[in-house]
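Asks: make a model of this:
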Amino acid sequence: MSEAPQLRPVELTALSDTGLVRGHNEDRYLAQPPLMVVADGMGGAQAGEVAAGVAVDRLGGLTTPLAVDELQRAIEEANAEIRRLAAEDPDRAGMGTTVTAALLEDGGRLELLHVGDSRAYLFRDGRLRRLTDDHSLVGEMVRRGALAPEEADAHPQRNVITRALGAEPDVEVDRSSEPLAGGDVLLLCTDGLSSAVGEEEIARILARRTRLSAGAYLAATGPSARGARLAGRDRHTSLEGFLFPATFLVGTKTTVADIVDEQLAAYDANAATVGYRYARSRNLTRYDVLIIASMVEREVRDPRERPVVAGIIYNRLRRGMPLQIDATVLYALGSWTAPLTPSALGVDSPYNTRRHAGLPPGPISNPGLASLKAAAHPSRTRYLYYVARNDGTGRHYFSATLAQFERDIARSRANAGR
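Replies: Next up is the predicted model:
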């Protein structure tokens, strides 16, 4: 497969404004990749901002790695807390909030959770598409065909919300999933934007403002002499692996080259804290450690398991066993969501560690510091095998023998209902 990296550049902007009507701002937001949230509070005596703050704080307080079910529980807990606060203080009676949360998952999928009339939009190839339904009286009328979409924004009852946090003891949360592609732009907003600026105008603004090209980024990070120097190779090499995952501030004059330089500098700064003595004692180079870290990054959700999986990779390398890591197959296929059919598992690629022993020729992702440290300092165990539990925890069963591994596979299948 091509050595072009999977990572896309991200421009992240978050802004809220009180506007000209109210004296205070009841909107709250969270811009904390991979999670983004907007909440639009409602209620007198500044209670709306309290409700919106509860929703954002609950979601922002979750620890990584994040799961969609955890986000839904946090929204439900926020609903209960808002109702409790409203019951305790007459000034807060009737307060509530909308919430729209977007989780960017590994594999290029967007998971959305939504209550109320705030919105999520996807801008792709010059077209703007709304990803959420308004939980409002007017929104329901449009969906039933009783009102034309173009009449909705001017309807006198457009601000009547039919679903919000704090309104009922139990809250119904809309959930949806969307595959993302290079160059996509995601917009989360409250009705302070969507009711004042039409969707055609939003699309025109986004078309003018999104300057960074996914194609230019892929070209800048593809095989090059710079990559060869970083990897210690004698041929042009992709920058995959060295593009450290972090949030970078992007200004109006920022170029693709600036972003790449920042990512490489961030990698250097973080890699300098890792320590490679143990890896060198096992005849592994820093680039080998980066390759191992990239597999750990893709395979593991629970941070506690990173060194354990790294240790299994070390053990299998020492014994000359194929690594048989599914993430390398998906990388070879060029899709993180492709089904692992028998033909897929046999794909002819040097990255396919089910067919080829040893490490793949390069990293399959851009690992963070936790994976780098795990790859350089693996757990010292006798484990040789692992399989996903499929019990909703995102964790794995680990085993030292093939017999136990086969029993673990049976447990995993039972958990998944197969």
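Asks: in the stretch 151-300 of the chain, which spans are strands?
Replies: Secondary structure of the stretch 151-300 of the chain (DSSP state E, counting those that start in this stretch): strands at 174-179, 185-189.
Asks: what about those strands, which gets the closest to D134?
Replies: If you check each of the strands of the stretch 151-300 of the chain against D134 by Cβ to Cβ, strand 174-179 wins as the nearest, at 10.6 Å. C-beta here means a position set from N, CA and C on the backbone, and glycine is covered the same way.
Asks: tell me where this protein is predicted with low confidence.
Replies: 1-12, 17-25, 44-46, 64, 106-107, 146-159, 209-214, 247-252, 418 (pLDDT under 70).
Asks: domains in the chain, by residue range?
Replies: The record, using automatic domain parsing to delimit domains, assigns the chain the ranges 27-209, 211-258, 259-415.
Asks: just to be sure, G394 is in a strand?
Replies: No - with the criterion set as DSSP: H, G, I helix; E, B strand; the rest coil, the secondary structure at G394 is coil rather than a strand.
Asks: what helix or strand is the closest residue to it other than its chain neighbours located in?
Replies: Nearest residue to G394, sequence neighbours excluded (Cβ to Cβ, 6 or more residues apart in numbering): R301, at 3.7 Å. Assigning secondary structure by DSSP states H and E places R301 outside every helix and strand.
Asks: and V68, how many neighbours does it have?
Replies: Here the count is done by other Cβ atoms under 10 Å, and V68 has 15 residues near it.
Asks: and the helices in the stretch 301-418 of the chain, which stretches?
Replies: Using DSSP state H, counting those that start in this stretch, the helices of the stretch 301-418 of the chain run over residues 306-319, 326-333, 342-345, 369-376, 402-415.
Asks: contact partners for R301?
Replies: Contacts here follow Cβ atoms under 8 Å, 6 or more residues apart in numbering; on that basis R301 touches P65, A67, G394, R395.
Asks: let's go with 10 Å and repeat that
Replies: Taking Cβ atoms under 10 Å, 6 or more residues apart in numbering as the contact definition, R301 lies against T64, P65, L66, A67, D106, A388, T393, G394, R395, H396.
Asks: of the helices of the stretch 301-418 of the chain, which approaches G60 most closely?
Replies: Nearest to G60 among these is helix 369-376 (19.9 Å), distances taken as Cβ to Cβ.
Asks: which helices and strands does the closest one pack with?
Replies: Other elements packing on helix 369-376 under the criterion 3 or more Cβ pairs under 10 Å, 6 or more residues apart in numbering; DSSP states H and E are helix 256-271, helix 277-281, helix 286-299, helix 306-319.
Asks: let me know the closest of the contacts of R301 to S281.
Replies: Using Cβ to Cβ, H396 comes nearest to S281 of those, at 26.6 Å.
Asks: number of nearby residues for the closest one?
Replies: Counted with other Cβ under 10 Å, the neighbours of H396 add up to 23.
Asks: and if you look at R382?
Replies: R382 is flanked by 11 other residues according to other Cβ under 10 Å.
Asks: kindly report the same for the one 4 residues further on.
Replies: Burial of Y386 is recorded as 20 neighbouring residues (other Cβ under 10 Å).
Asks: chain neighbours aside, what residue packs nearest to it?
Replies: Y386 sits nearest to H396 (Cβ to Cβ, 6+ apart), 4.4 Å away.
Asks: now swap in E70 and tell me
Replies: Once its chain neighbours are removed from consideration, E70 has its nearest residue in L62; the separation is 5.8 Å (Cβ to Cβ, 6+ apart).
Asks: wait, the one you found sits on A74?
Replies: Yes - contact status for L62 versus A74: in contact at 5.9 Å, counting by Cβ atoms under 10 Å.
Asks: just want to know which of the two has more residues nearby.
Replies: In this view L62 and A74 are compared by other Cβ under 10 Å, and A74 has more residues nearby, 22 against 15.
Asks: can you give me the buried ones in the helix or strand where that one lies?
Replies: According to DSSP H and E, A74 maps onto helix 68-88. By neighbour count, and taking 16 or more other Cβ atoms under 10 Å as the criterion, the buried residues in helix 68-88 are L71, A74, I75, A78, N79, A80, E81, I82, R83, L85, A86.
Asks: possible to save the domains of the chain as a markdown table with distance to A14?
Replies: Shown next, in a markdown table, are the domains of the chain (distance: least, Cβ to Cβ, whole Å):
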| stretch | distance to A14 |
| --- | --- |
| domain 27-209 | 4 |
| domain 211-258 | 11 |
| domain 259-415 | 18 |
